[in-house]
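Engineer: coordinates for the following, if possible.
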Amino acid sequence: MVAVPAGAPRVTGRERTASDADHAKLVASFGGEYRAPAALKLLTEVTDRLVRATDRPEETYAVTLLDSPVINAFALPNGRLYVTRGLLALASDTSEIAAVLSHEIAHVTLRHATARTELALRSQLVSKVVADVLNDPATGAQLQSQSKFALARFSRDQELEADGVGVKTLARAGYDPFGAGRFLRSLSRTTGMKTGTGQAGEPDMLATHPGTQERITLVTRAARLIGAPGLGVDERARYLAAVDGIAYGDNPGDGLVRGRRFLHPGLGIAFEVPDGFTIENTRNAVLGTTPEGSRRLLFDQVENPAGQGLEEVLKATWNDAIEPGSLENRAIGGNPAVTALSRGKDWTFRLAAIRMGETTFRMIMAAKGMTDPDAAFRRWTESLAAVGAAETQSLRPLRVQVVTATPTDTVDTLAQRMLVSDRASDRFLVLNGLERGATLRMGQGYKIIVE
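Structural biologist: This next block holds a predicted model:
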């Protein structure tokens, strides 16, 4: 790492302790540190090279690799940079990961976090003075609402500013400035596959990040102002060597998706969703959707206070009205359960609360319009079952494997080797930064997902 310059402000023991505690909490919330020495070494070297190209080359940064499948990176004002293994899996070359790091470093050098904090504190103070001192709660609440919008807009503008500064730093450090646009396009395509639309969803007006398409336009324009494509280096082979073998997707202990089946070793359960559904394991629930988005499902664990029946659990955890007479006590897989029907303005819902041992699970399936998804819902709920220790112990996490293309390899042949839940060819293309119709280059490395 870059050495701390002489004369730099000293950090007191108390400040260092507080910073270390915050760091530990943050790392824990993202699944802990991920041990990948080659990848961390690359991230550290790229960071050092970028810092030397900034307007503040004397600042120091420390990179932490997080054991999380989500695609994320962020920086703290104290120079700590965080990158998830999910983001490493998505990037295709060193210039792309350098673009992400350069963007986050720009937030620090531009003092964005400090500016946001000052604006938030100033807005809170004005609202409080109006509400309490001037005895005008209504105006105080209005000002607070306006300040939230201003803060969101402020953050959005900061993102765009960091994009612009990041691309310039990227080029100064000798990396391909067009790497920023390539990575954002891959991010957009990944988001599109998750939403089932093929396109990344745009944020609402209070989102703290501008739309991905807007950012792609900005960084591409910034790169063109520097020069034509082909500037700098992308170091693809070096990057692929560093990420070869890293874990991909969920940790087995947090539950695994295998095709249409979900298994959770910690909870000791598994279920299989009906044909047509793609499922995703998130931190708090398993979510599923069909490609056109007309059917959706949710599976989660809910609290079941002592003495509370399953009917009460279902009613307490569901905000909409339950159809009169639809509550039904039944057994599902030999376990006590309650099911119900609920109709909203645009969706019809089937609900279940199922108790397995001391744990209560909730299963919800929704269909757009007035179509009752009861048949598919019953097949799904009846697939819920306990899994034994032998099966859970045999589970292996997915990982990235870099393979060298042979003369006979195509996108389809390599995609067929991918252990993914759906759309293997599309996922192969996104993982490798390729467009539809791409031809593989013999002797070049490509990422696939294997056990």
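
Engineer: now stretch 356-374, how far from the centre of its chain.
Structural biologist: Its chain's C-alpha centre and that of stretch 356-374 lie 25 Å apart, by Cα atoms, centre = their mean, to the nearest Å.

Engineer: an error on my part: the question was meant for stretch 289-300.
Structural biologist: Computed by Cα atoms, centre = their mean, the chain-centroid distance of stretch 289-300 equals 18 Å.

Engineer: tally of neighbours for residue 358?
Structural biologist: Neighbour count for residue 358, taken as other Cβ atoms under 10 Å: 6. For glycine as for every other residue, the C-beta is placed from the backbone atoms N, C-alpha and C.

Engineer: for it, phi and psi?
Structural biologist: phi -100, psi 0 (degrees, to the nearest 10).

Engineer: just the pLDDT at it, thanks.
Structural biologist: At residue 358, the pLDDT value in this model is 88.

Engineer: just residue 109 next, same as before
Structural biologist: 82.

Engineer: name the nearest residue to residue 430, ignoring sequence neighbours.
Structural biologist: Leaving aside its sequence neighbours, residue 430 sits nearest to residue 189 (Cβ to Cβ, 6 or more residues apart in numbering; 4.9 Å).

Engineer: looks like the one you found contacts residue 431 (just checking).
Structural biologist: No. The criterion here is Cβ atoms under 8 Å, and residue 189 misses it with residue 431 at 10.1 Å.

Engineer: more neighbours: which of these two?
Structural biologist: Using other Cβ under 10 Å as the criterion, residue 189 and residue 431 rank with residue 431 on top: 23 against 20.

Engineer: distance of that one relative to residue 240?
Structural biologist: Distance, residue 431 to residue 240, using Cβ to Cβ, to the nearest Å: 11 Å.

Engineer: now swap in residue 295 and tell me
Structural biologist: Distance of residue 295 to residue 240, given as Cβ to Cβ: 38 Å.

Engineer: lowest-confidence helix or strand of this protein?
Structural biologist: helix 112-128 (a mean of 47; mean pLDDT, DSSP states H and E).

Engineer: now do the closest residue to residue 395 other than its chain neighbours, the pLDDT please.
Structural biologist: The shortest distance from residue 395 to any residue other than its chain neighbours is 4.7 Å, reached at residue 252 (Cβ to Cβ, 6+ apart). Per-residue confidence (pLDDT) for residue 252: 77.

Engineer: same question for residue 329.
Structural biologist: 93.

Engineer: so what's it bridging to?
Structural biologist: Beta bridges link residue 329 to residue 338 when assigned by DSSP bridges.

Engineer: quick check, it in contact with residue 338.
Structural biologist: Yes. Residue 329 is within contact range of residue 338, at 5.6 Å (criterion: Cβ under 8 Å).

Engineer: give me the common contacts of these two.
Structural biologist: Any residue near both residue 329 and residue 338 by Cβ atoms under 8 Å, 6 or more residues apart in numbering counts here, and that gives 310-311.

Engineer: so between these two, which is more surrounded?
Structural biologist: Between residue 329 and residue 338, residue 338 has the larger neighbour count (other Cβ under 10 Å), namely 21 against 11.

Engineer: check the contact lists of residue 431 and residue 240 and give me the overlap.
Structural biologist: Residues touching both residue 431 and residue 240 (Cβ under 8 Å, 6+ apart) are residue 447.

Engineer: sorry, back to before: and the residue nearest to residue 430, what element?
Structural biologist: Element membership of residue 189, judged by DSSP states H and E, is helix 179-195.

Engineer: using CSV, list the CA coordinates for that helix.
Structural biologist: Once non-C-alpha atoms are left out, helix 179-195 reads as follows in CSV (Å, rounded to 0.1, in the frame of the first residue of the first chain):
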residue,chain,number,x,y,z
GLY,A,179,-13.5,-0.3,-19.1
ALA,A,180,-16.0,1.8,-17.0
GLY,A,181,-18.6,1.6,-19.7
ARG,A,182,-18.0,-2.1,-20.3
PHE,A,183,-18.5,-2.9,-16.6
LEU,A,184,-21.7,-0.8,-16.3
ARG,A,185,-23.1,-2.5,-19.4
SER,A,186,-22.5,-5.9,-17.8
LEU,A,187,-24.1,-4.6,-14.6
SER,A,188,-27.1,-3.4,-16.5
ARG,A,189,-27.5,-6.7,-18.3
THR,A,190,-27.2,-8.6,-15.0
THR,A,191,-29.9,-6.5,-13.4
GLY,A,192,-32.1,-7.0,-16.4
MET,A,193,-31.8,-10.8,-16.0
LYS,A,194,-32.8,-10.6,-12.3
THR,A,195,-35.9,-8.5,-13.1
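
Engineer: can you list the residues that contact it?
Structural biologist: Contacts for helix 179-195 (Cβ under 8 Å, 6+ apart): 71, 90-93, 95-100, 102-103, 163, 166-167, 170, 198-201, 212-213, 215-216, 219-220, 222-223, 232, 234, 280, 293, 423, 426-427, 429-430, 433.

Engineer: what about the helices in the chain?
Structural biologist: 13-29, 37-52, 85-90, 94-109, 112-128, 137-172, 179-195, 212-226, 236-243, 310-316, 374-382, 389-393, 411-415, 424-431 (DSSP state H).

Engineer: does anything pack onto the second one? Which helices or strands?
Structural biologist: With contacts defined as 3 or more Cβ pairs under 8 Å, 6 or more residues apart in numbering; DSSP states H and E, the secondary structure elements packing on helix 37-52 are strand 62-66, strand 80-84, helix 94-109, helix 236-243.

Engineer: what mean pLDDT does it get?
Structural biologist: 96.

Engineer: and for the last one?
Structural biologist: Along helix 424-431, the predicted local confidence has a mean pLDDT of 93.

Engineer: give me the contact list for that helix.
Structural biologist: The list of residues contacting helix 424-431 from outside it, by Cβ under 8 Å, 6+ apart, reads 89-90, 92, 186, 189-190, 193, 411-412, 414-416, 418, 420, 434-436, 438, 446-449.

Engineer: selecting buried members of the residues you listed in PyMOL, what would you type?
Structural biologist: This is the PyMOL syntax for the buried subset of the contacts of helix 424-431, where burial follows 16 or more other Cβ atoms under 10 Å:
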select buried, resi 89+90+92+186+189+190+193+411+414+415+418+420+434+446+447+448+449
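
Engineer: if I read this right, residue 355 contacts residue 336, doesn't it?
Structural biologist: Yes. Between residue 355 and residue 336 there is a contact under Cβ under 8 Å: 5.1 Å.

Engineer: contacting residues around the nearest residue to residue 343 once chain neighbours are set aside?
Structural biologist: Leaving out its chain neighbours, the residue that sits closest to residue 343 by Cβ to Cβ, 6+ apart is residue 323, at 6.3 Å. Residue 323 makes contact with 340-343, according to Cβ under 8 Å, 6+ apart.

Engineer: quick one: residue 324 from residue 341, how far?
Structural biologist: 10 Å.

Engineer: out of the two, which sits in the busier spot?
Structural biologist: The neighbour comparison of residue 324 against residue 341 (other Cβ under 10 Å) goes to residue 341, with 19 against 7.
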